[in-house]
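*Asks:* based on what follows, work out the 3D shape:
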Amino acid sequence: MDLRQAQIPVDAARGNVARYTQLVAQDKNALNLLAGSPVQEDLLPTDLSSVIPFKEISPCLSSEVLLNRPDIMAAEHRLKGAYAFIGAARAAFFPRISLTTAVGTASAELSGLFNSGSDTWNFTPQIVLPIFDARTWAALRVSKADRKIVLTRYEKAIQTAFREVADSLAVQGTIDLQVSAQQSMVNAVSETYRLSNIRYTNGIDSYLAVLVAQRSLFAQQQVLIELRLVRLANQVRLYAVLGGGVDQPGEDQGGS
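*Replies:* A predicted model of the protein is given here:
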């Protein structure tokens, strides 16, 4: 009975090894496709703990870095096609705030852009200057409906950008606490497993107690690995939603 009971977690682990081996192979294929050639094995990390930590996001980071995002740049090009003044559009629809605090978490200004407990955008456009240039005959061919469409898409792109940054910073602000708590849990379950083995060896408990502790340890170790992966993936996503860099874009006040 002890042998058959012990075989169950062993076979479960074998199945997981095969599944994760498959996922690693698929990820390597995707990486080779992205690089355009096979990536050398010595460039790949052996496990999550060997991954070099990313550079921390600058404190008090200005929201102007989001102007480098491809979706916002595309929306601004559509505005230019409708003979809009980009400077006036940014002044009206783009919040110029600090995205992060001194410790790299989401700033109160960023959190204040969304109503508490919802995704509702809480920023009201302030249109002071005319956004569209109607001084040329070509500009007159752009209908009011077309102008409204491109302006709405621009506002939506801005809202999406700030929402994604806020979500990513929310993960960054809590994931370390989750990893720390999970590591403590793994340590506790590991000690339970060790003591269960001692009790079984000394004839105090049945092997079932050892199996229960072992299965619990395996499950908690898997959760810890997943949380570490979430932390690394979120750091990559944070760079992506910030537009891929922190260079301050130049002000483009022109029209078309």
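*Asks:* going forward, measure contacts and count neighbours with C-alpha atoms only.
*Replies:* Will do.
*Asks:* now do the helices in the stretch 51-200 of the chain.
*Replies:* 70-81, 86-93, 108-111, 137-140, 144-201 (DSSP state H, counting those that start in this stretch).
*Asks:* helices or strands next to the last one in the packing?
*Replies:* Where contact means 3 or more Cα pairs under 8 Å, 6 or more residues apart in numbering; DSSP states H and E, helix 144-201 is packed against helix 70-81, helix 108-111, helix 207-241.
*Asks:* just the first one next, same as before
*Replies:* Other elements packing on helix 70-81 under the criterion 3+ Cα pairs under 8 Å, 6+ apart are helix 86-93, helix 144-201.
*Asks:* using CSV, please lay out the ones you listed together with mean pLDDT.
*Replies:* Formatted as CSV, the helices and strands packed on helix 70-81 follow (pLDDT from 0 to 100):
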stretch, mean pLDDT
helix 86-93, 92
helix 144-201, 93
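*Asks:* winner for burial among those helices?
*Replies:* helix 86-93 (a mean of 20; mean count of other Cα atoms under 10 Å).
*Asks:* what packs against that helix?
*Replies:* helix 70-81.
*Asks:* ok, 7 Å please
*Replies:* Packing contacts for helix 86-93, counted by 3 or more Cα pairs under 7 Å, 6 or more residues apart in numbering; DSSP states H and E, involve no helix or strand.
*Asks:* about what we covered before: for residue 226, find the nearest of the helices of the stretch 51-200 of the chain.
*Replies:* Taking Cα to Cα, helix 144-201 is the member of the helices of the stretch 51-200 of the chain nearest to residue 226, at 9.4 Å.
*Asks:* and the pLDDT for residue 207?
*Replies:* Residue 207 carries a pLDDT value of 87.
*Asks:* what do you get for residue 139?
*Replies:* pLDDT at residue 139 comes out at 60.
*Asks:* swap in the one 4 residues further on?
*Replies:* As predicted, residue 143 sits at a pLDDT of 77.
*Asks:* what's the burial count for it?
*Replies:* Other residues near residue 143 number 11, with proximity taken as other Cα atoms under 10 Å.
*Asks:* my guess is residue 16 is in a helix, correct?
*Replies:* Yes - under DSSP: H, G, I helix; E, B strand; the rest coil, residue 16 falls within a helix.
*Asks:* by mean pLDDT, show me the worst of the helices and strands packed on helix 144-201.
*Replies:* Minimum mean pLDDT among those: helix 108-111, a mean of 89.
*Asks:* which outside residues touch that helix?
*Replies:* Here helix 108-111 makes contact (Cα atoms under 7 Å, 6 or more residues apart in numbering) with 97, 98, 99, 166.
*Asks:* closest to residue 60 among those residues?
*Replies:* Compare each of the contacts of helix 108-111 with residue 60 using Cα to Cα and the shortest gap goes to residue 98, at 5.4 Å.
*Asks:* surely the closest one and residue 61 touch.
*Replies:* Yes - shown here, residue 98 and residue 61 form a contact pair, counting by Cα atoms under 7 Å, at 5.4 Å.
*Asks:* re the thing from before, tell me which of the helices of the stretch 51-200 of the chain lies nearest to residue 44.
*Replies:* So among those, helix 144-201 is nearest, using Cα to Cα, at 23.2 Å.
*Asks:* separation between residue 5 and residue 209?
*Replies:* With distances taken as Cα to Cα, to the nearest Å, residue 5 is found 11 Å from residue 209.
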